[in-house]
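Student: Generate a structure from the sequence data that follows.
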Amino acid sequence: MWAKWRRLEREGWRWAGRRYSKWGDPGETEFEVLKGHPKAKEDAVAARLRRRQMIGDDKGKKMKEFQIYRWNPNSDRKPFLQSFFVDLSDSGTMVLDVLQKIKGEQDSSLSYRRSCREGICGSCAMNIDGLNNLACLKPINTNLSQPCTITPLPHFFVIKDLVVDLSNFYQQYKSIEPWLKRKKDAEENEREYRQSPKERKKLDGLYECILCACCSGACPEYWWNPESFLGPASLIQAYRWISDSRDEYAAERLQAMTEDRDKLHGCRRVGNCTANCPKSLDPERAIEIMKQEHLYPSIIRPLHTQLAV
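Tutor: Take a look at the predicted model:
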């Protein structure tokens, strides 16, 4: 048996897929939907074999413990961690796959948000093993001796289980007016506000924010002053519009954020926002640039192009 597996590793998974398809190995013949598509079937079989090596043989269950935060507002029971055991050999590779499996097979009352499953919508943001992340992008730690702990985003009011109240978060986002503002219309016969490639490049690292709230949930200043400090997510979005060459209200936007000192200058540069961003953005740097531009406008604004994130 081990000699067989060593041969599979040595000669490659594609060869293994071709051979297993011909041998009709039990468990590898269920790809009926790919009948008539040998190349696709070969890839599917190879993927199954890779999965076998990573998790173990399908005949041997690989059970991993997932400790999930539970709280029901309609119950008198205090919040607690409930353990679920999932067979990783019969599950997807991401944490969201496990949550879906638990909800579908073990406890249908488990509540959480999810939508796109591609790291675009930001719905499935939660705290996984101590770090804020998107469940659809977080791979499962296959070390069976370590339980995986899943809790809601920290310091948000919990509605139920892993669902948190983001009303204040979205209200703060609305307050920065996240849309293009112009003092004059586009020139006649033009349907677009044109932008050079160099100007467009200044938006890289800003527009990718999906408002998942992972950064705001990790920010100590946002924990302490959620009503006055806008939080890193809203602030990086504000800087996205300040940096946009098509927007003509950059100075007014910055002035509005600094009328209340804590809205922008409440940031203490802890850096948790950048460390917890699942899209690898840098809200801390964007906030610091806006603070410098407010305090030293005659120096920073002429250098805005070089300092843009």
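
Student: do you know how far the residue nearest the centre of the chain is from K62?
Tutor: Centroid-nearest residue in the chain, with C-alpha atoms, centre = their mean: L134, separated by 3.6 Å. Taking C-beta to C-beta, to the nearest Å as the measure, L134 falls 24 Å from K62. Backbone N, C-alpha and C define where each C-beta goes, glycine included.

Student: What of V164?
Tutor: Applying C-beta to C-beta, the value for V164 to K62 is 31 Å.

Student: likewise V98?
Tutor: Applying C-beta to C-beta to V98 and K62 gives a distance of 12 Å.

Student: So the two - more neighbours on which side?
Tutor: Neighbours per residue (other C-beta atoms under 10 Å) separate V98 from K62, with V98 holding more: 23 against 17.

Student: so the more buried one touches F66, yeah?
Tutor: Yes. At 6.0 Å, V98 counts as touching F66 under the criterion of C-beta atoms under 8 Å.

Student: shared neighbours of these two, anything?
Tutor: 86, 148 (C-beta atoms under 8 Å, 6 or more residues apart in numbering).

Student: avg pLDDT for the helix or strand containing K64?
Tutor: If you go by DSSP states H and E, K64 is part of strand 63-70. Averaging pLDDT along strand 63-70 gives 95.

Student: Can you list the strands that that strand pairs with?
Tutor: strand 80-87 (antiparallel), strand 148-151 (parallel) (DSSP bridges).

Student: Comparing these, which comes out most buried?
Tutor: Most buried of the strands paired with strand 63-70 by mean neighbour count (mean count of other C-beta atoms under 10 Å) is strand 148-151; its value is a mean of 20.

Student: Can you name the element that comes right after that strand?
Tutor: As assigned by DSSP H and E, the chain's next helix or strand after strand 148-151 is strand 158-160.

Student: any low-confidence regions in this protein?
Tutor: For the chain, the stretches with pLDDT under 70 are 1-37, 39-40, 43, 46-60, 186-189, 298-309.

Student: show me where the stretch 101-250 of the chain has strands.
Tutor: 125-128, 131-134, 148-151, 158-160, 163-164 (DSSP state E, counting those that start in this stretch).

Student: Looking at those, spot the one closest to Y170.
Tutor: strand 163-164 (11.9 Å; C-beta to C-beta).

Student: and that closest one, which strands flank it?
Tutor: Strand 163-164 has its sheet partners listed here by DSSP bridges as strand 158-160 (antiparallel).

Student: picking up where we left off before, same list, the strands paired with strand 63-70, but as CSV with distance to T274 please.
Tutor: Shown next, in CSV, are the strands paired with strand 63-70 (distance: least, C-beta to C-beta, whole Å):
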stretch, distance to T274
strand 80-87, 28
strand 148-151, 21
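
Student: pretty sure S89 contacts K101?
Tutor: No. Taking C-beta under 8 Å as the definition, S89 is not a contact partner of K101, at 12.0 Å.

Student: Tell me who's in contact with Y69.
Tutor: So Y69 contacts 79-81, 150-152, 158, 161-162 (C-beta under 8 Å, 6+ apart).

Student: switch to 7 Å and redo it
Tutor: 79, 81, 150-152, 161-162 (C-beta atoms under 7 Å, 6 or more residues apart in numbering).

Student: cool, and N141?
Tutor: Counting by C-beta under 7 Å, 6+ apart, the residues that N141 touches are C148.

Student: Can you give me the separation between it and Q67?
Tutor: 13 Å.

Student: now swap in K183 and tell me
Tutor: 54 Å.

Student: Equivalent analysis for G217, please.
Tutor: 19 Å.

Student: Same check on S234?
Tutor: Distance, S234 to Q67, using C-beta to C-beta: 32 Å.

Student: Looking at these two, which one has more neighbours?
Tutor: A side-by-side neighbour count of S234 and Q67, using other C-beta under 10 Å, places S234 first with 28 against 16.
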